[in-house]
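Q: Quick one, what's the 3D model for this:
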Amino acid sequence: MKAIFSILFLATLLFGASDEQSIKEDYLKSYNYEQMGKYKEAIKVLSPLYTKYPKGYTINFRLGWLFFLNKKYTNAIKHYKAASLVNTKAIDPRLGLIRSYLAKNSYKKSETIANEILKIDFYNYYTNYYMIQTLRAEKKYDIAQEVCIKMLALYPTDILFLEQLARIYKVSKSPYLEQLYKDILILDPNNIFVNLQMPK
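A: The predicted structure follows:
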């Protein structure tokens, strides 16, 4: 059985036990700032740690997420790419890249990365979800619908995929749209998306 090492344990091995407490404190402060919506401060508190360990997977991944939340997508991409270089098999930073490219309307790049992940994990939940969003943005509605149907075969009551399908049906003026709205409301009576779409 392979050992799974914690961030702090690896830091202790690589950099000495004296760093453990400061790493823990910096991350805690960062999480607290994030919960308050103070993303700039959450980034700032981790800056010394990043200066010390610029090639660290976890610090780059964390900064990627915080820059994404702060809508600094170019910086988010930089850190997600750095995390991907440290661990080339990791899917998490690639998902971050997809989100960041979507936010920048860089749909071709988003689709390329999604396809790379799908070659490894064809049914990856979030990759397929972001792929649908990307395909819709590119107006590739037929392919987006195929991805929706593929995922709904696995998750028949999943609201996120049902909503995506409804968005596609709306554009294509599908005769099944009204029934899909009703089905979503059975599963989620307070669904905001459908309640805004349904005629009063």
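
Q: who touches Q197 in this structure?
A: Residues in contact with Q197 (Cβ atoms under 8 Å, 6 or more residues apart in numbering) are 166, 170, 181. (Glycine included, C-beta is placed from N, CA and C.)

Q: Okay, now the unreliable bits of the chain?
A: Low-confidence regions of the chain, defined by pLDDT under 70, span residues 1-18, 199-200.

Q: Break it into its domains for me.
A: Following automatic domain parsing, one gets these domains for the chain: 8-121, 139-200.

Q: can I get those domains in CSV with distance to Q133?
A: CSV is the format used below for the domains of the chain (distance: least, Cβ to Cβ, whole Å):
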stretch, distance to Q133
domain 8-121, 6
domain 139-200, 7
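
Q: Comparing those domains, which comes out most buried?
A: Of all those, domain 8-121 carries the top mean neighbour count, a mean of 17, counting by mean count of other Cβ atoms under 10 Å.

Q: Just to check, Y53 is in contact with N60?
A: No - in this structure, Y53 is not within contact of N60 by Cβ atoms under 8 Å, at 9.0 Å.

Q: just checking, next helix/strand downstream of the top helix by length along the chain?
A: Longest helix in the chain by number of residues (criterion: DSSP state H): helix 18-35. Next along the chain after helix 18-35, taking DSSP states H and E as the criterion, comes helix 39-52.

Q: what does that following helix rub up against?
A: 15, 22-23, 26-27, 29-31, 33-34, 56, 59-60, 62-63, 66-67, 69-70.

Q: one more time with 10 Å
A: Under the criterion Cβ atoms under 10 Å, 6 or more residues apart in numbering, residues 11, 15, 19, 22-23, 25-36, 38, 56, 58-60, 62-63, 65-72, 75, 79, 82 lie in contact with helix 39-52.

Q: Repeat that for stretch 65-76.
A: Identification of contacts with stretch 65-76 by Cβ under 10 Å, 6+ apart yields 30, 33-34, 37-46, 63-64, 77-80, 83, 92-93, 96-97, 99-106.

Q: Can you give me the end-to-end span of it?
A: From its first residue to its last, stretch 65-76 covers 7 Å (Cα to Cα, to the nearest Å).

Q: where do the helices sit along this structure?
A: Counting by DSSP H, the helices of the chain are 7-15, 18-35, 39-52, 57-69, 73-86, 92-103, 107-120, 125-137, 141-154, 159-172, 177-187, 192-197.

Q: re the thing from before, quick one: list the elements packing against the longest helix of the chain.
A: Identification of packing neighbours for helix 18-35 by 3 or more Cβ pairs under 10 Å, 6 or more residues apart in numbering; DSSP states H and E yields helix 7-15, helix 39-52, helix 57-69.
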